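Enquirer: no sequence on this one, just coordinates:
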Ligand code: ADP
Ligand code: MG
C-alpha cells in the first residue's frame, strides 16, 4: 500500500512558518525589517501581553499599493527580488517573500496601508492560507500590520513560549539592539497600553548605545578605528568595551552584517581573539560591530530567519575584526598609560631604600620631572608602591613582569628565535596529559624561545630558555597544567606565549631590589599594552585624589 502522500497547503504553510516564526519576537523582527525596507522614519511597536494577544507594527514607509495588498500576504510574493541572479546583490533585509505569509499561517493578521500617490488606502485580512480581498480603508501614508491570536492554531508552539514578561523582554532587547543600526529612524515601544521607551532619531549614536548597554556601560565603550579593516572590501565600524568593563556572558556582543543583526560563531571568535590579552578568563567584552560588505560577499540565504550569514572571505573578515579590536584596545591602553604615569626615578630623599640611592644619581639628574612617578617601596614582596604628585600607584610585580616578558617573547618569535642555551639541561618527567600538551606545543614553544627535547618515555629536557630568563628555573609542569586549563577559543600561539611569559618571570613573594623595581616599572611603560597582564588581570591600580578622599569620607 502506498504510504507517501502530498501534504495539504495549510500543513505546508505551518511547517514553513515554523522555521520563520518561532515566538513573538520573530513576528516583530519580520515586521520591523519590512518597515525598514519600506524606508520608514518612524516605527511604532505595540504589544499586548508580551505579544501573545497582539503585536502591531506601524510605520510611515512607502506603503503597499491597494492592488498589491492581497498579494503581499501570500507566500513567495515579494517586491524585493525578481530573479535568482539578484540574490547576489540583495540590499534589502527581506527577499524571500515569506514574512507576512508565515505570520498569517500562525496567527490572524490585518494589514492596512496607503501609498502617497493614493487618496484612499486599503485593508486586507489573512489567516492560515486564506487571504481575504482588499477593501478600501482610510489610512495615513505607510503601513500598519496587526497580528492577533499568535499560535492559537499551533498549541505546541504556545507551550514552548516563556512567560509574557520574558517574551516582552526578548522583544524589547531585540528592538533596542536592532535600532543601533538605524539611528535615522525613531523607534517607539508600547506594552499593555503604556509607552515603554522611545528612541528618537538622532545623529548621536551614543544615545542609543546608552539605551542598549546602559548609561554607565556605554560610557566605557571605545569607538573602533577602522585601521585593521584594510584586508576587506567593505567597512567596519563599531564600539567595544574597554578592558575591565566586561560581562560574564557574550549576550551583549552585537553584530550587524549589512544591516542585519546576527549571531555568528566565527565573528564571536574574532572578537575574543582581538581581546586575547585584555580580557580576564571567563569574562567577555561587549559592544557592537557594524560590518558593511558588498552584497556579493555575503550569502544571507543560509538560515530561515537570516540570523546567520555565510561570508565569502571569512578569513579576511575574521582578521579584520580581530585586528581592528586589538588596535583600538592597544591605542587606548597606551593613552591611559601615558595619562597616568611618567616614570622617573626615585628621589633619594624620600626613597625607602636609601642604600640604592647612588645607583640612581645619574638618572635623577636627567629625568627630574614634577609629574614623574617615583618608585617608593615593595609591599608584601608582591606589590610595588609608587606615586606621583597626584596619585598612588600599586603595581603587581608578577603581572607587570608577565606583560613585559610576553611582549618580548612575541616580538622575538616574530623576528627570530632568541633563546639562551642552558649550561646544564633541566630534566623533567611529565604525566600523560602534560606530555600530550607538550607534544602539541613543542614547535610553538621553540618559536617563543623555549627549546625542549624528548629524553625517554615521558621525560624531556629543557635545553634552552627564552632570552633573558635563563637564570630562572623554568616551571615546565606548572606551565603545561596551565595550558591545558585555558579556554580553548584563544589563539594557540598566544596561549603558549602568555603561559610561557607567566612561568618564566618574577613571582609574587620574591624580594626585589629598588633598581629592579624601577626597571620593571620603566619597562612596563614601554609596553604596547601596559595595563593588563597577558591573562587580562590588571598590572596596576591607581589611587587618585578622588578615591583617597572617598576612603577618608571627605566626599
Ligand atoms: P519580503 O520582505 O521577503 O519581501 P514579506 O512577506 O515580508 O516578504 O513582504 C512581502 C511584500 O510586502 C514585500 O516585498 C513588500 O513589497 C510588502 N511589504 C511588507 N511590509 C511592508 C511595509 N511595512 N511597507 C511597505 N511594504 C511592505
Ligand atoms: Mg519581509
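Expert: It's in. Since the structure is predicted, the reported quantities are computational estimates derived from the model, not experimental observations. Ligands and ions are numbered 1, 2, ... in the order given.

Enquirer: Quick check: phi and psi at residue 110.
Expert: The phi/psi pair for residue 110 (degrees, to the nearest 10) reads phi -130, psi 130.

Enquirer: What residues does it make contact with?
Expert: 123-126, 145-146, 148 (C-beta atoms under 8 Å, 6 or more residues apart in numbering). For glycine as for every other residue, the C-beta is placed from the backbone atoms N, C-alpha and C.

Enquirer: Mind doing that once more with 7 Å?
Expert: By C-beta atoms under 7 Å, 6 or more residues apart in numbering, residue 110 lies in contact with 123, 125, 146.

Enquirer: Name whatever forms a beta bridge with it.
Expert: Following DSSP bridges, residue 110 is listed with bridge partners residue 125, residue 146.

Enquirer: can you tell me how far it sits from residue 134?
Expert: 11 Å (C-beta to C-beta, to the nearest Å).

Enquirer: Just the buried ones among the contacts of residue 110, please.
Expert: Buried members of the contacts of residue 110, scored by 16 or more other C-beta atoms under 10 Å, are 123, 125, 146.

Enquirer: Can you tell me how far the first one is from residue 139?
Expert: Computed as C-beta to C-beta, the residue 123 to residue 139 distance reads 8 Å.

Enquirer: can you check the last one too?
Expert: With distances defined as C-beta to C-beta, the gap from residue 146 to residue 139 amounts to 12 Å.

Enquirer: Next secondary structure element downstream of the helix-or-strand element of the chain with minimal mean pLDDT?
Expert: Within the chain, confidence by mean pLDDT, DSSP states H and E is lowest for helix 357-367 among all helices and strands, at a mean of 34. Helices and strands here follow DSSP states H and E; after helix 357-367, the next one along the chain is strand 372-379.

Enquirer: so how far is that following strand from its chain's centroid?
Expert: Relative to the chain's own centre, strand 372-379 is displaced by 37 Å; criterion: C-alpha atoms, centre = their mean, to the nearest Å.

Enquirer: Show me which positions of that strand end up buried.
Expert: Buried residues in strand 372-379, defined by neighbour count with 16+ other C-beta under 10 Å: 372-376, 378.

Enquirer: now swap in stretch 101-115 and tell me
Expert: Neighbour counts over stretch 101-115 (16+ other C-beta under 10 Å) mark 101-115 as buried.

Enquirer: out of these, which one sits closest to residue 434?
Expert: residue 102 (54.2 Å; C-beta to C-beta).

Enquirer: tell me the pLDDT at the closest one?
Expert: Per-residue pLDDT puts residue 102 at 92.

Enquirer: Determine whether any part of the helix or strand that contains it lies close to ligand 2.
Expert: Using DSSP H and E, residue 102 maps to helix 99-106. Yes: interface with ligand 2: helix 99-106 contributes residue 99 (C-beta under 5 Å from the ion).

Enquirer: Pretty sure residue 261 sits in a helix.
Expert: No: going by DSSP: H, G, I helix; E, B strand; the rest coil, the assignment for residue 261 is strand, not a helix.

Enquirer: Okay, and the beta partners of it?
Expert: For residue 261, the beta-bridge partners are residue 256 (DSSP bridges).

Enquirer: Quick one: residues contacting it.
Expert: Taking C-beta under 7 Å, 6+ apart, we find residue 261 in contact with 177-178, 254.

Enquirer: where does it sit relative to residue 316, distance-wise?
Expert: Distance from residue 261 to residue 316, by C-beta to C-beta: 22 Å.

Enquirer: mean confidence score for the helix or strand where residue 465 lies?
Expert: Per DSSP H and E: residue 465 is located in strand 459-466. On average, the pLDDT along strand 459-466 is 80.

Enquirer: which residues sit against it?
Expert: Here strand 459-466 makes contact (C-beta under 7 Å, 6+ apart) with 409, 412, 419-422, 425-430, 438, 448-455, 474, 476, 500, 504.

Enquirer: what does stretch 62-73 give?
Expert: Residues contacting stretch 62-73 (C-beta under 7 Å, 6+ apart): 38-39, 77, 100-101, 104, 111, 113-115, 118, 121-122, 124, 126, 131, 133-134, 141-143.

Enquirer: let's go with 6 Å and repeat that
Expert: Defining contact as C-beta atoms under 6 Å, 6 or more residues apart in numbering, one finds that stretch 62-73 is touched by 38-39, 77, 100, 104, 113-115, 122, 124, 126, 131, 134, 141-143.

Enquirer: and it with ligand 1, contact?
Expert: Yes: using C-beta under 6 Å from any ligand atom, stretch 62-73 reaches ligand 1 at 62-64, 72.

Enquirer: Now that stretch: buried residues?
Expert: So for stretch 62-73, counting by 16+ other C-beta under 10 Å, buried means 62-66, 68-73.

Enquirer: For the chain, list the residues in contact with ligand 1, please.
Expert: Residues of the chain lying close to ligand 1 by C-beta under 6 Å from any ligand atom are 30, 34-35, 38, 59, 61-64, 72, 77-80, 94-101, 143.

Enquirer: and if we set it to 5 Å?
Expert: Contact residues, the chain versus ligand 1 (C-beta under 5 Å from any ligand atom): 34-35, 38, 61, 64, 72, 78-80, 94, 96-97, 99-100, 143.
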